[in-house]
Each structure stands twice: as structure tokens, then as C-alpha cells.
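K.L.:
Have a look at this prediction, sequence included:
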Amino acid sequence: MTMQGATLNGGWSSFQGVNGDYPAANTANTDLINILDTVAVPIVVVRGDFMVACFNRAAADVLGLSPSDIGRAARDISVFAGLPHLEQQCSRVITSGVESRADFRDADKWFVVRMSPYTKDDRQITGTVLTFTDVTAFRASIDQAIYERECTKTILNTVADPLVVLDADQRIQSGNRAFYKMFGLSREETQGVPLNDLGNGAFELPLLHEPEEMLAYSHVFHSVEVPHVVTAKGPRTLVLDAHPLSFPGHSERRVLVTFQDITARKQAEAAKDLRSEEELRRSEAFLAEGQRLSLTGSFCWNVATDEITWSEQLYRIFEFEPGTPVTIERINTRVHPEDGPMMNETIERARVGGANFQYSPRLLMPDGSLKYVNAIAHASRDAEGRLEYIGAVQDVTQRRMSEEALAKARTELTNVAGVTSLGVLTASIAHEVNQPLSGIITNASTCLRMLDVDPPNLDGARETARRTIRDGNRASDVITRLRALFSKKEFALEPVDLNEATREVIALSLSELQSNSVILQSELADDLPPVSGDRVQLQQVVLNLLRNASDAMASVDDRPRQLTIRTELDEEDRVRLTVRDVGAGLETQSVDNLFAPFYTTKTDGMGIGLSVSRSIIESHHGRLWAAPNDGPGAAFSFSIPRILDAVTGTRILDAARALAATDTGYVMRTM
Ligand code: ADP
């Protein structure tokens, strides 16, 4: 609606017609009315009796007042329904002379209504001037700002990480819910408190002490880790980030500090470190134990610097004080003088060659003992490309000793085999001795007869006496030859652990048994008492039984070639050893024949093994026998008395002495 400002008479001058106190329609007032009509702000004058006195054009345009509203009670004009206490407020303004304000809403517009006293000629207040300032846009922007602030607040409170806004003195301005929760404090308790006062003084951040400097940076600080911050949840490790905040039109600067709780991550890292430290320690322990058990030490030799690093075990092998410096010269002091030149040559070749090397010197220890070692080294390059050798040294002294002992045992067995075979051969050779003996007897009788005749046949007697001497010499020769053969072997009487002796024989014959596809099972009795005898001879018997059993199964192809060796204490309290096979068996053979000298069914057999074995066992006061199995194969067993007591021991000793005293040439060696 567009209309000119109105009075009771259709213009401002009409106030006069109603009440002489209001503007008169003179020239000056006309000008004033014209001016007021140009003002965009609606102006309405309400009289002391709350009647509308006049209004300007904007009031008509904006509020929709019409000339007919002049002289009407304001409360009856619908547009003023938005000012329910209009009359009271106007009368307060008239009585107090003090301006009043009220918010006013017309449709979708908001106004701030200013109610000012209307004074006639500066004397009496006769009404109220209402000016309506349109604040719709301003209010909308305020609403928006409030809305946005509320949104921001909600967002910040839902953020799980604590954040706080500090002023330039690092005093806390406001924080989000997570921040207050972290320290178990309320907004009021922390308002204006320096951040450094929180967390038990953990935030001693240098940059926070220099506010100006702090604000000069776009990022005040970034990812500063602060451990041991005392929080409501106990000590925590926090990461702090700070961002400067500035507001357009505001000189005040603030800093937003965010906190990230990394305690769990730190603990996990620490646990992982601990774990890997523990794993490292364990693997080092494993390595050290492995080196100790395998008697192998390791080393690293940097050729350029001649720096040598040794493992604990290597110090042990060389018998050097652990941790003391090791040099080539020092190593040389332990190398056997005869192996020194070879050692030096190996080292010199390694220095220039850069190839892997292997060397087995002997070490001569300060106490004069010998050690055998095998050294092997692999050439590689260190981080700077320099030649270095990483290697291992194994102490093989024990192995060497065992090998030597085995070789000696093998030789002894072979020797005994030969000697004992000859022992039995004595029986078959006896007839050779018998022949000259019966010749001697015959010749002696003939000689006597020739001397008894008259006259005595002296020439014949002389001849037969000569033959007697010849035959005597022949017999003597046989004995001498046998003596020479047997005198090489000592008969050793000692307590023998048959299990142990058997294990040695098994170890010696294992490869032969394996190549014959024999599956060996040993059932050696626990707590087997010792026997008294010649260990090597008894081993010869066991070896012979094993070989025979293996030979007996040579043609077996339809079943596993199972061989069982068993020791036990039998019913008669004697130590018994049985070798059982699943071979050809004994059905077709007369068992007694087997033990006869020179009996063999093998094309390459000598037929003396069992007879020798039986004679050895019998010389130990034992018994050797054979028996067929229920199923295929046979079992050969021997039993000999255990060392029971002094009486038995003496008996065996006596027997052995008696044996030694016979003219077989055995040399007795008693323990
Ligand atoms: P050799 O082994 O040289 O033949 P031995 O005196 O050791 O001499 O054996 C004599 C014979 O006894 C053998 O040829 C064999 O016929 C028989 N014999 C020995 N052991 C067994 C056995 N375990 N099973 C079957 N026959 C056997």
C-alpha cells in the first residue's frame, strides 16, 4: 500500500483538529510531514488516550495502516496485536518520560519498536512516538549464527579426541566434552586456568611459554608427544597439536589444542619391543646352546681391519679367557707347530683370494693335550663392501678319538678272529703232531727190538734212532710253529658288560647288516650283571653269530629279514645272549654238525666260526647251542656264568690260569 502520511484530516495538520497540542498545519509542519514521509522507517504517533494520532507513509506501506485508522484505539487495529502490552508501555513512557523498547512481529517481519515520549512545546508529554526498525535480516543472521554455534558445539562434543581453546596466555577458554572428561573437571573448574596447571604439570611445552612467538606460527606445534600426563584415567601419553585461531574483526588471538591419547599404542609398542627383545634373547640362547652341544663355535673375520669376533663356544674350544681380544697371532699360539705353516698359508690365501676355505688343524693346549678341529669359512662383504669371512669351528676331538678306538677295536677283532681260528685249528693240526709221535713210538720200539736181538742189529738200531730223532724234531717243529702263532695274543680276563660289548659289535656291523637289508632289533636287558672273561673274544662270538644270521637270511625275499639280538639273565642265573633270525633254519642239518670244525654249507665259508665260538664260550665255562624257531629261522644262544661272588670269581680265574698254563701259547693277563 502506498499512501501519504495521514492525520485525522488526511494529513499531519489534522492533529490540530483533534487536539491543539499536536502539530498544526502550518508551512513548517507541512515541510516536516514531507520529510517524515521520506523516512523508510514506519512512525506512528499514539495519543495519551491510546488513539492513533497520525503516521507516516512508511507506516502505511509497511504496516498497512490506512487513514481510517486515525482516531481509532490502537488496540483495535489488528497490526498492533503483535504489541500486546502497548497501552501499559505507552502510559509508562508518558509518565516516566523514559524511552521504552519492544520486539514486534508483523507476519514474517521482525521489528524493534522504540517508544519515545511525544512532547508538546517541550512542556508536556501528550503521547508516544512509535518507530518501527526492521530487524528481520539482522535477526535471521543472529539465528543463523546461533544455529551454527550450536552445531559446532554438538560436533565438538561428539568428537572423541579432547580439544581445548586457549587464549594468548594459554588460559583455558573452552573445551569439548572429551577434554573435560579427560581431566575429570568441569567447564567452570577449568575456565581461565593455564593449561600447564593441568595433567600434573606434564605440559611443560616450551612454545606455550612464548605466546607471541606461538601465535606467529601458522602451526604452533605439531605432534608433540607428552608422556605421563595425569588424567582421570591415570597416567596417559598424549600427542598435542596446536592451531592458531583468529577471528575477522577481532584482535584477540586464540589457539586450538587437540589431544590424541596414544597410551595403548605406546604400550603395544613397548610390549612388542619387549617381546622382540625376549625373542632375540631366546634365539641367542638357542644358538649358544646349539654351539655348546655341537661343540661348534662361530667367528667373523674382517680381513681389512683384521678384526675378529668370536662366539662364547669358540673361546671355550681355544681355552681363551671369554671376551679377551682375539688376533691371528694369538690363534697361532694354539695351533700345533706342525700345522702352523699350513694354517698361515690358508690365512694368506684367504686374505687375497676371497674364496671359501676349509681347514682342519690340530690345537696344542697349554696343558699339552691335543684337540682336533674343523674350520670352515664363507667369504662375504660387509656393509662397506670389505671382504670378511663368517665361519664355524667344530671341536672333533671326541669323534677322532672314537674313530681311532673303533679302528683299534676292528683290528683287534680281526686279529682275534685269526688267532682263535688257529686255536681251533690246533685240534685238526693235532694229527700232524700225532703222526711224528706215533713214528717216534714205533721207531723207538723197533730200535729196542734191534738192540734186544743177539747179536744186536746196531746199524738198524742206529737208523731207527735217527728216525726217532727226525720225528721228534718234526713234532717239536709243529709245537714251535703253533707257539709262535699263539704267543701273539693275550688272554684278558676282566669283568665284561655283555650289553656294552654287544652294542659295540652292533655298531661295527651295522653298515654290513644294512647293506644286506637286515632289520636289527636289540632287546638288551636292563641291569644285566657283568660276566668275567675276555671282552674281545666274546665280541668275536657275537659278531660271528650276527654274520651267520645275516647270511642265513640272504635268500629270504618273501618276508622282512628280521634279526633279534637279546640279552637276559636266565633261570640258572647265567647271562644269556640269543641271536634269532628268520632265515633258512636248521631243519635239514644235524645241529651238532654245525659246530664241527670245517663244517660249512656256504660256497665261500670256512666252517670254523661256530667251532671257534663254542671253544671260546666253553673256555668261559659257558655253553653255546642252536635251536630251530617255531616259525622260519633259527636261534643261536650262549650262556656264561655271571660274576656272582668271590668263590665263582676265583673259580673262573683259576680256570683261566689253567688255560694259560696249557701249552697253547696263550699269555695270561689277569685284571
Ligand atoms: P661258516 O659261516 O664259514 O660256514 P660257521 O661255523 O660259522 O662257518 O657255520 C657253519 C654252518 O652252520 C654254516 O655254513 C651254516 O650252514 C650253519 N649255520 C650257522 N649259522 C646258521 C644260522 N643262523 N642259520 C642256519 N644255518 C646256520
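P.N.:
Sure, I can see it. Numbering: from 1, shown residues only.
K.L.:
Report the closest residue of the stretch 101-250 of the chain relative to the ligand.
P.N.:
T237 (81.2 Å; C-beta to the nearest ligand atom). In this view, the C-beta of every residue, glycine as well, is placed from N, C-alpha and C.
K.L.:
Report how many residues lie close to that residue.
P.N.:
As a burial measure, T237 scores 18 neighbours (other C-beta atoms under 10 Å).
K.L.:
hang on, it is in a strand, isn't it?
P.N.:
Yes. The assignment for T237 by DSSP: H, G, I helix; E, B strand; the rest coil puts it in a strand.
K.L.:
Beyond whichever helix or strand Q540 is part of, next helix or strand please.
P.N.:
Here Q540, judged by DSSP states H and E, is contained in helix 535-552. Sequence-wise, the next helix or strand downstream of helix 535-552 (DSSP H and E) is strand 561-569.
K.L.:
Alpha carbons of that next one, as CSV, please.
P.N.:
The C-alpha trace of strand 561-569 is given here as CSV (Å, rounded to 0.1, in the frame of the first residue of the first chain):
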residue,chain,number,x,y,z
ARG,A,561,64.9,-110.0,7.2
GLN,A,562,64.3,-109.6,10.9
LEU,A,563,67.2,-110.2,13.3
THR,A,564,66.8,-110.0,17.0
ILE,A,565,69.6,-109.9,19.5
ARG,A,566,68.6,-110.4,23.1
THR,A,567,70.4,-110.5,26.4
GLU,A,568,68.9,-111.7,29.7
LEU,A,569,69.6,-113.4,32.9
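K.L.:
Tell me which helix or strand the residue lying closest to R566 once chain neighbours are set aside sits in.
P.N.:
Excluding its sequence neighbours, the residue lying closest to R566 (C-beta to C-beta, 6 or more residues apart in numbering) is E523, at 4.3 Å. Element membership of E523 [criterion: DSSP H and E] is strand 518-524.
K.L.:
Buried residues of that strand, list them for me.
P.N.:
By 16 or more other C-beta atoms under 10 Å, the buried positions in strand 518-524 come out as 518, 520, 524.
K.L.:
Go through these and name the one nearest the ligand.
P.N.:
Looking across the buried residues of strand 518-524 and measuring by C-beta to the nearest ligand atom, the closest to the ligand is V518, at 11.9 Å.
K.L.:
quick one on the thing from earlier: does the strand holding E523 reach the ligand?
P.N.:
No. Between strand 518-524 and the ligand, judged by C-beta under 6 Å from any ligand atom, nothing touches; the nearest distance is 11.9 Å.
K.L.:
Show me what secondary structure element comes after that strand.
P.N.:
strand 531-533.
K.L.:
Pull the distance from that following strand to the chain's centre.
P.N.:
In terms of C-alpha atoms, centre = their mean, to the nearest Å, the centre of strand 531-533 is found 54 Å from the chain centre.
K.L.:
For the helix holding Q540, name the packing helices and strands.
P.N.:
If contacts are counted by 3 or more C-beta pairs under 8 Å, 6 or more residues apart in numbering; DSSP states H and E, helix 535-552 sits against helix 397-452, strand 490-496, helix 498-515, strand 561-569, strand 574-580, helix 609-619, strand 634-641.
K.L.:
so that helix versus strand 561-569, what angle?
P.N.:
150 degrees (axes from the mean of the first three to the mean of the last three C-alpha atoms, to 10 degrees).
K.L.:
and helix 535-552, C-alpha only, in CSV?
P.N.:
C-alpha atoms of helix 535-552 as CSV (Å, rounded to 0.1, in the frame of the first residue of the first chain):
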residue,chain,number,x,y,z
ARG,A,535,85.8,-109.0,26.1
VAL,A,536,87.3,-109.2,22.6
GLN,A,537,86.8,-112.9,22.4
LEU,A,538,83.2,-112.7,23.5
GLN,A,539,82.7,-109.9,20.9
GLN,A,540,84.1,-112.2,18.3
VAL,A,541,81.4,-114.8,19.2
VAL,A,542,78.6,-112.2,18.9
LEU,A,543,80.0,-110.9,15.6
ASN,A,544,80.1,-114.5,14.3
LEU,A,545,76.5,-115.2,15.3
LEU,A,546,75.3,-111.9,13.7
ARG,A,547,77.1,-112.7,10.5
ASN,A,548,75.7,-116.2,10.3
ALA,A,549,72.2,-115.0,11.0
SER,A,550,72.6,-112.4,8.2
ASP,A,551,74.0,-115.0,5.8
ALA,A,552,71.1,-117.4,6.7
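K.L.:
TSV for the helices and strands packed on helix 535-552, including distance to I390, mean neighbour count and mean pLDDT?
P.N.:
Below are the helices and strands packed on helix 535-552 laid out as TSV (distance: least, C-beta to C-beta, whole Å; neighbours: other C-beta atoms under 10 Å; pLDDT from 0 to 100):
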stretch	distance to I390	mean neighbour count	mean pLDDT
helix 397-452	23	15	70
strand 490-496	48	18	73
helix 498-515	35	16	87
strand 561-569	46	19	96
strand 574-580	50	22	96
helix 609-619	54	22	86
strand 634-641	55	22	95
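K.L.:
closest one to S550 among the ones you listed?
P.N.:
When the helices and strands packed on helix 535-552 are compared by C-beta to C-beta, helix 498-515 sits nearest S550, at 5.8 Å.
K.L.:
which helices and strands does that closest one pack with?
P.N.:
Using 3+ C-beta pairs under 8 Å, 6+ apart, the elements in contact with helix 498-515 are helix 397-452, strand 518-524, helix 535-552, strand 561-569, strand 574-580.
K.L.:
Determine which of those approaches P244 most closely.
P.N.:
Of all the helices and strands packed on helix 498-515, helix 397-452 comes closest under C-beta to C-beta, at 76.7 Å.
K.L.:
quick one on the thing from earlier: I'd like the helices and strands packed on helix 498-515 laid out as TSV, including distance to N629.
P.N.:
Output for those, formatted as TSV (distance: least, C-beta to C-beta, whole Å):
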stretch	distance to N629
helix 397-452	27
strand 518-524	15
helix 535-552	11
strand 561-569	10
strand 574-580	7
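K.L.:
V52 is nearest to which of those?
P.N.:
Among the helices and strands packed on helix 498-515, the nearest to V52 by C-beta to C-beta is helix 397-452 (127.8 Å).
K.L.:
so how far is V112 from the residue in the stretch 251-400 of the chain positioned nearest to the ligand?
P.N.:
The nearest approach of the stretch 251-400 of the chain to the ligand comes at R399, 33.5 Å away (C-beta to the nearest ligand atom). Here the criterion is C-beta to C-beta, to the nearest Å. By it, R399 lies 110 Å from V112.
K.L.:
List the neighbouring strands of the strand holding E523 plus their orientation.
P.N.:
Each strand paired with strand 518-524, and its direction, by DSSP bridges: strand 561-569 (parallel).
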